[in-house]
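Enquirer: Mind looking at a prediction? Sequence and model below.
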Amino acid sequence: MQENINVVVIGGGYSGVMAANRLTQSADVTVTLVNPRPDFVERVRLHQLVGHTHTAVRAFRDVLSERVRLVVDAVTRIDAAARAVELASGATMAYDHLVYAVGSDSAPAHVPGAAEYAHPTASLEDARKLRAVVDRSPAPAPITVVGGGPLGIEMAAELAEGGRAVTLVCGEQLGPYLHPSGRRSVASGLARLGVRVLDGPGAKVAEVTAESVRLADGRELESAVTIWAAGFAASGLAARSGLRTDAAGRLLVDETLTSVDDARIVATGDAAAPSGLPLRMSCQAALPLGSHAADTILSRISGEQPAEFTRGIAAMCVSLGRRAGVFQLARFDDTAMRLHVPGRLGAVLKEAACASPIDQLAKEARKPGSHSWIVKDSKRGERVAAQRAAGLAVAERAG
Ligand SMILES: Cc1cc2nc3c(=O)[nH]c(=O)nc-3n(C[C@H](O)[C@H](O)[C@H](O)COP(=O)(O)OP(=O)(O)OC[C@H]3O[C@@H](n4cnc5c(N)ncnc54)[C@H](O)[C@@H]3O)c2cc1C
């Protein structure tokens with residue numbers, strides 16, 4: 001085995017930290033993590049930051065191995081040919097292997113006025129800015145949350161529980177992922193908190209102004225604060241660096257999580273599109289993807305064929321403030337089942353689901369190689385084969 005192998009991990013979120021910790025199994029590997037902040041962000045709690053029920057920030061020493069060197073900076077370009085990354089500080093960092101773990105950001109809002117007047121929610125900085133805006137607005141001022149997925153639901157509930165007057169504009173449907181019975185539980189939880197829910201074909205936002213939101217069916221809602229929570233979008237870093245991505249901008253990788261363009265680059269978490277069939281952007285997927293990305297690199301270093309990713313995710317949990325939640329069970333291919341746990345027990349399970357990733361990262365820091373994941377998606381191979389047969393994805397590595 002070659003000695004002193006440099007692995008650079010871009011992005012210190014759930015998947016990047018998991019990968020970095022796991023890579024420390026090998027004494028011959030030097031791991032450097034590049035992240036724009038000196039602290040770890042618990043993204044799954046950013047709505048709590050806005051609602052003043054959590055800071056959503058922790059020291060890296062709680063989750064990151066002491067053997068990983070943290071560099072506080074941002075990668076601006078990957079030069080795959082030179083095996084180096086360029087940093088915002090102007091420095092360049094060489095690598096032997098690279099983990100692309102840059103996560104995701106708020107989905108862009110393509111309606112007039114949204115870029116100027118609607119507040120995004122998906123990053124620490126966005127959430128802090130939004131909290132200041134909400135805090136400055138008087139308590140009875142109407143707040144509009146745009147987005148009927150888990151992000152919008154959790155944000156609306158958190159603010160309503162804090163005494164704010166909230167309207168949730170869902171577009172077509174409240175909680176499209178949820179099973180109808182789980183959706184009914186979410187709807188009644190929101191109703192209990194006093195959230196006004198607007199869904200159906202007319203409930204799409206057509207325009208945002210400083211004081212209002214206009215819907216597709218012409219309804220005009222007074223809105224002192226408008227929050228854009230309509231999902232996530234991939235970082236542009238891979239595409240900017242000339243690496244192939246899926247249509248959403250995630251790095252296109254094969255089933256071992258290796259870039260289809262370069263065997264030295266693996267991707268994980270929200271930023272990865274294995275075979276063009278990405279897992280749902282979630283913390284739940286980020287951890288097994290992170291550990292698999294590390295395993296792929298370690299296999300390659302030791303001259304073994306990396307294994308294919310077979311893990312799945314099996315639930316979606318949605319908080320409805322601090323006292324209620326819905327834990328929606330799913331099949332291993334990530335489709336919702338009728339079975340769900342609502343109410344106070346749902347909240348307890350959701351809190352456990354938010355706390356568990358921190359414990360898993362801390363454990364992997366202490367005992368690298370220990371992370372395991374029992375959920376297997378046994379049908380993934382079939383879907384990948386169908387995708388390949390249809391010629392829809394370029395999942396084989398070139399050369
Ligand atoms: C409010 C909210 C609630 C959520 N709730 C849940 C939930 O209940 N369950 C669930 O499973 N998921 C939830 N999610 C989604 C979950 O947080 C993400 O899917 C998860 O964080 C993805 O992990 P990741 O490691 O891929 O990316 P991230 O956690 O986003 O980490 C990426 C890191 O890369 C850094 N980075 C980005 N670009 C660069 C660059 N150019 N150079 C260096 N570093 C860079 C980022 O700053 C960040 O630190 C929620 C998200 C939000 C916003």
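Expert: Noted; the coordinates are in hand.
Enquirer: Report the spatially closest residue to the one residue in the stretch 251-399 of the chain that gets nearest to the ligand, excluding sequence-adjacent ones.
Expert: Nearest residue of the stretch 251-399 of the chain to the ligand: G269, at 2.2 Å (CB to the nearest ligand atom). Using the backbone N, CA and C atoms, a C-beta is placed for each residue, glycine as well. Closest residue to G269 apart from its sequence neighbours, by CB to CB, 6 or more residues apart in numbering: S15 at 3.0 Å.
Enquirer: moving C-terminal of the helix or strand harbouring that neighbour, what's the next helix or strand?
Expert: In this assignment (DSSP states H and E), S15 forms part of helix 14-23. Note on helix 14-23: by DSSP H and E, the next helix or strand toward the C-terminus is strand 29-35.
Enquirer: what is the rounded mean pLDDT of that following strand?
Expert: What strand 29-35 shows for mean pLDDT is 98.
Enquirer: Touching that strand from outside, list them.
Expert: 4-12, 16-17, 20, 23-24, 64-65, 67-75, 85, 87, 93, 298, 301 (CB atoms under 8 Å, 6 or more residues apart in numbering).
Enquirer: who touches the lowest-mean-pLDDT helix or strand in the chain?
Expert: Every helix and strand of the chain was ranked by mean pLDDT, DSSP states H and E. The lowest is helix 380-389, at a mean of 85. Residues from elsewhere that reach helix 380-389 (CB under 8 Å, 6+ apart): E255, S275, G276, L277, E308, F309, T310, G312, D333, A393, A395.
Enquirer: Any chance of TSV for those, columns secondary structure?
Expert: Formatted as TSV, the contacts of helix 380-389 follow (DSSP: H, G, I helix; E, B strand; the rest coil):
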residue	secondary structure
E255	coil
S275	coil
G276	coil
L277	coil
E308	coil
F309	coil
T310	coil
G312	coil
D333	strand
A393	coil
A395	coil
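Enquirer: And the buried ones among those residues, selectable in ChimeraX?
Expert: Those of the contacts of helix 380-389 that count as buried under 16 or more other CB atoms under 10 Å are selected in ChimeraX with:
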select :255,275,276,277,308,309,310,312,393,395
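Enquirer: mind giving me a markdown table with the contacts of helix 380-389 and columns for distance to L243?
Expert: Output for these, formatted as a markdown table (distance: CB to CB, whole Å):
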| residue | distance to L243 |
| --- | --- |
| E255 | 17 |
| S275 | 16 |
| G276 | 14 |
| L277 | 18 |
| E308 | 21 |
| F309 | 19 |
| T310 | 24 |
| G312 | 26 |
| D333 | 28 |
| A393 | 15 |
| A395 | 14 |
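Enquirer: Report whether the expected contact of G276 with T245 is present.
Expert: No. Look at G276 against T245 with CB atoms under 8 Å: they stay out of range, at 9.7 Å.
Enquirer: Give the residues shared as contacts by those two.
Expert: By CB under 8 Å, 6+ apart, the residues touching both G276 and T245 are L252.
Enquirer: Please list all residues in contact with L46.
Expert: Residues in contact with L46 (CB under 8 Å, 6+ apart) are A56, T121, A122, S123, L124, D126, A127.
Enquirer: Sorry, slip of the keys, the one I care about is S235.
Expert: Per CB under 8 Å, 6+ apart, neighbours of S235: V102, G103, S104, D105, G249, A271.
Enquirer: Show the contacting residues for A81.
Expert: For A81, counting by CB under 8 Å, 6+ apart, there are no contacting residues.
Enquirer: In this structure V253 contacts D262, no?
Expert: No. Look at V253 against D262 with CB under 8 Å: they stay out of range, at 10.1 Å.
Enquirer: Compare these two and say which one has the larger neighbour count.
Expert: More crowded of V253 and D262, by other CB atoms under 10 Å: V253, with 33 against 19.
Enquirer: Let me know the secondary structure of C354.
Expert: Per three-state DSSP, C354 ends up helix.
Enquirer: so what's it closest to, chain neighbours aside?
Expert: Spatial nearest neighbour of C354, excluding adjacent residues (CB to CB, 6+ apart): V44 at 5.1 Å.
Enquirer: How about the contacts made by the closest residue to the ligand within the chain?
Expert: Distance from the ligand to each residue of the chain (CB to the nearest ligand atom) is smallest for G13, at 1.8 Å. Shown in contact with G13 (CB under 8 Å, 6+ apart): F40, V41, R43, A101, G103, G269, A286.
Enquirer: Any figure for the gap between the third one and Y14?
Expert: I take that to be R43. Counting by CB to CB, to the nearest Å, the separation of R43 from Y14 is 8 Å.
Enquirer: Show me whatever sits in contact with both of the two.
Expert: Between them, R43 and Y14 share these contacting residues under CB under 8 Å, 6+ apart: C283.
Enquirer: Those two: which is more packed in?
Expert: Y14 (31 against 22).
Enquirer: After the host helix or strand of Q284, which helix or strand is next?
Expert: Using DSSP H and E, Q284 maps to helix 283-301. Sequence-wise, the next helix or strand downstream of helix 283-301 (DSSP H and E) is strand 315-319.
Enquirer: any residue of the next helix or strand after that following strand up close to the ligand?
Expert: Downstream of strand 315-319, the first helix or strand assigned by DSSP H and E is strand 325-330. No. Judged by CB under 6 Å from any ligand atom, strand 325-330 makes no contact with the ligand; its nearest approach is 9.4 Å.
Enquirer: Could the C-alpha coordinates of strand 325-330 be exported in CSV?
Expert: C-alpha atoms of strand 325-330 as CSV (Å, rounded to 0.1, in the frame of the first residue of the first chain):
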residue,chain,number,x,y,z
GLY,A,325,-44.7,14.8,15.3
VAL,A,326,-45.4,12.2,12.7
PHE,A,327,-43.0,9.3,12.2
GLN,A,328,-43.9,8.0,8.8
LEU,A,329,-42.7,4.4,8.1
ALA,A,330,-41.6,3.6,4.6
